[in-house]
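J.: 3D model of this:
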Amino acid sequence: MDKETEKKKKEIVSFFLSKDLLITEDLLEALENESSIDALYGIISKNLSSDLLVLNEDIKNILCKGKGGDIVGKEFEKSVVMAQKHKKTSSYDNFISVLEKSEPAHEAREKKKLDKVRVTYAYKDDEKKKEIQDFVAYFNERYKAIEKILRQRAELQNILSIGRVLAKRERETISVIGIVSDIQTTKNGNLMLMLEDSTGSIKVLVNRNNPSLFSQARDLVLDEVIGIVGVNAENIIFANQVVWPDIPNSPLKKVDEEVYAVFLSDLHVGSDTFLPGEFERFIKWIRGESGNEAQRAIAERVEYIFIIGDLVDGVGIYPGQEKELVILDVYKQYEECAGYLKQIPSRIKLVICPGNHDAMRIAEPQLELYHDFAKPIWEMENVVMVTNAALVNIHASENFSGFEVLLYHGYSFDYFFANVDSIRNGGGYDRADLIMKFLLQRRHLAPSHKSTLYIPNPNEDPLVIRKVPDFFATGHIHKTSVANYKGVTMICGSCWQSTTAFQIKVGHHPEPCRVPIVNLKTRDVKILKFG
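T.: Prediction:
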């Protein structure tokens, strides 16, 4: 053996000893001629289990392929001893076979990262007892989150706290951010707001002689956080501009392949007004068993179905409901619902959030459908359960960040349809797009305290729209609406229930069995009618 070879052997043995590893003679001989031994050193240092004591050529080859990083050392050692000393190779051969077939750790991570559906945000329940201070902290957290967004608006320059504005004596143009705590109409027909922050409160006057500003301000609601640009006087600001947090303009995100997403809501299984024949017609289409050639081609390319709440009609939701149910047991309602959903091809991911008729708390955010009630649906392998509200990412790939889909059933809608002039006069329940735009502008799904029941989370307000979605999907009002606002596709699902006595009473005009279908390649939306 020449001196150079001997020196190399000593270096190899020294390296492995430093890693608390013994190497077999066959591996040592092979490594003498290894041209890329430095690369092997790097792989060993990064990937080897701390339990492994002996390294042979088989394991070296497996590690170089990116596999076997989690080898169980002791069990493997036994198999090596049995193979070398006692010529019993079955256990050893099984180890090698399994490791050869195992998925490399980095590939597993990549595969997980590129899952078709990834929950970007879902509410996690805070189970501690609620105190009065939690309500204060909740509104403070909401204020801070939206204030942060408002501070990025170009219109709001040199923002002052309300306390500092109150201390000023000279008149000048100023900007403030605050929460609307009161709205009154003066005897002259002007609007008088009370705006407050952590340093104080101040009156803001919106003059009716500024028609554009006055019209905008009439849509203000209690508890929303806004910016005001105006001129200060003694304990009052004369408003020149109202600034909402709003969303920025964004380009329509698209993918290169023709893939479709379907949006459903308000199945109301169990109600005597549920429409089983129409829903079965939808199932036949999604299975490729009905429709014309073009419609079947779309069905084959559907990869995602979103169901935005009210899967069942529930029990005890309102007085006298039992008279309007054909399934009186909520467990059986979910079993019946699961029976329909299981007919949908399993290749399609079903993303499901609850609504106010589902068997759970009505206060928002709502957790995922409860396991005990909805067990048959939880057991479906293609179902992804999320909270109400939730943000879900779909169709991400190595070269595409995916689409962000904001899901919210829409329980707060009723309040704003009744209390916002532009929505009520613009079509009310027939114009879901108006309420969805309204909420995107406020960056909140229920900006008024009275608009929904809620759980006061002292650490965050989960109904703040922090991240701008690509899709905003809702339900609740039983009428399909599709529109675009600043690059966000707004979709309100239809329903699978005919008109109820309650809807007639309040003036709803449901349009059941209409299904919005989005082509993710073009962002075009078609509505198929199954009724």
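J.: Now do stretch 265-284: distance from first to last residue.
T.: Taking CA to CA, to the nearest Å, stretch 265-284 runs 18 Å from one end to the other.
J.: which parts of stretch 318-326 are buried?
T.: Residues of stretch 318-326 classed as buried by neighbour count (16 or more other CB atoms under 10 Å): Q321, E324, L325. All C-beta atoms are positioned from the backbone trio N, CA, C, and that covers glycine.
J.: got these as JSON lines, with pLDDT columns?
T.: What follows is the buried residues of stretch 318-326, written out as JSON lines (pLDDT from 0 to 100):
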{"residue": "Q321", "pLDDT": "90"}
{"residue": "E324", "pLDDT": "93"}
{"residue": "L325", "pLDDT": "95"}
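J.: Looking at those residues, spot the one nearest F438.
T.: Among the buried residues of stretch 318-326, Q321 lies closest to F438 (CB to CB), at 30.2 Å.
J.: What number of residues are in the vicinity of the closest residue to L445 other than its chain neighbours?
T.: Distance criterion CB to CB, 6 or more residues apart in numbering; nearest residue to L445, sequence neighbours excluded, is L463 at 4.3 Å. Residues near L463, counting by other CB atoms under 10 Å, number 22.
J.: can you tell me which residues contact L463?
T.: Counting by CB atoms under 8 Å, 6 or more residues apart in numbering, L463 makes contact with E364, P365, A389, H444, L445, A446, Y454.
J.: The last one and A446 touch, don't they?
T.: Yes - applying CB atoms under 8 Å as the test, Y454 and A446 come out as touching, 6.8 Å apart.
J.: Present the contacts of L463 as a markdown table; the columns should include pLDDT, neighbour count and distance to N382.
T.: Listed next are the contacts of L463 as a markdown table, based on pLDDT from 0 to 100; neighbours: other CB atoms under 10 Å; distance: CB to CB, whole Å:
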| residue | pLDDT | neighbour count | distance to N382 |
| --- | --- | --- | --- |
| E364 | 95 | 24 | 26 |
| P365 | 95 | 25 | 24 |
| A389 | 96 | 25 | 22 |
| H444 | 98 | 23 | 32 |
| L445 | 98 | 28 | 27 |
| A446 | 97 | 26 | 31 |
| Y454 | 89 | 18 | 31 |
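J.: Between all of those residues, which two are separated the most?
T.: Longest distance between any two of the contacts of L463 is 12.5 Å, between P365 and H444; criterion CB to CB.
J.: pLDDT below threshold where in this structure?
T.: 1-3, 5, 15-16, 18-23, 25-114 (pLDDT under 70).
J.: so which helix or strand takes in the residue most central in space within the chain?
T.: Taking CA atoms, centre = their mean, the centroid of the chain lies closest to L391, which sits 1.2 Å from it. Secondary structure from DSSP states H and E places L391 in strand 390-394.
J.: Then D414?
T.: With DSSP H and E as the criterion, D414 is inside helix 413-419.
J.: Need the single longest helix in the chain, by residues.
T.: If you go by DSSP state H, the chain has its longest helix at helix 132-150.
J.: buried sites along that helix?
T.: Neighbour counts over helix 132-150 (16+ other CB under 10 Å) mark D134, A137, Y138, F139, E141, R142, Y143, A145, I146, E147, I149, L150 as buried.
J.: on that earlier part again, tell me the one among the buried residues of stretch 318-326 nearest to V302.
T.: Nearest to V302 among the buried residues of stretch 318-326: L325, at 31.2 Å, using CB to CB.
J.: Just confirm that closest one contacts V315, I think it does.
T.: Yes - L325 is in contact with V315 according to CB under 8 Å; the separation is 7.2 Å.
J.: residues bridging contact with these two, i.e. touching both?
T.: Joint contacts of L325 and V315 (CB under 8 Å, 6+ apart) do not exist.
J.: closest to S481 among the buried residues of stretch 318-326?
T.: E324 (25.9 Å).
J.: how close does that closest one sit to V315?
T.: Separation of E324 from V315 (CB to CB, to the nearest Å): 11 Å.
J.: Can you name every helix or strand that the helix holding D414 contacts?
T.: On a contact count with 3 or more CB pairs under 8 Å, 6 or more residues apart in numbering; DSSP states H and E, helix 413-419 meets helix 421-425, helix 432-442.
J.: could I get these as TSV with mean neighbour count and distance to V482?
T.: Below are these laid out as TSV (neighbours: other CB atoms under 10 Å; distance: least, CB to CB, whole Å):
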stretch	mean neighbour count	distance to V482
helix 421-425	14	17
helix 432-442	23	8
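J.: how about a markdown table for these, with distance to V488 added?
T.: Shown next, in a markdown table, are the helices and strands packed on helix 413-419 (distance: least, CB to CB, whole Å):
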| stretch | distance to V488 |
| --- | --- |
| helix 421-425 | 18 |
| helix 432-442 | 6 |
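J.: To D358, which of the ones you listed lies closest?
T.: Short answer: helix 432-442, nearest of the helices and strands packed on helix 413-419 by CB to CB, at 19.9 Å.
J.: immediately after that closest one, which helix or strand?
T.: Past helix 432-442, the next helix or strand by DSSP H and E is strand 471-474.
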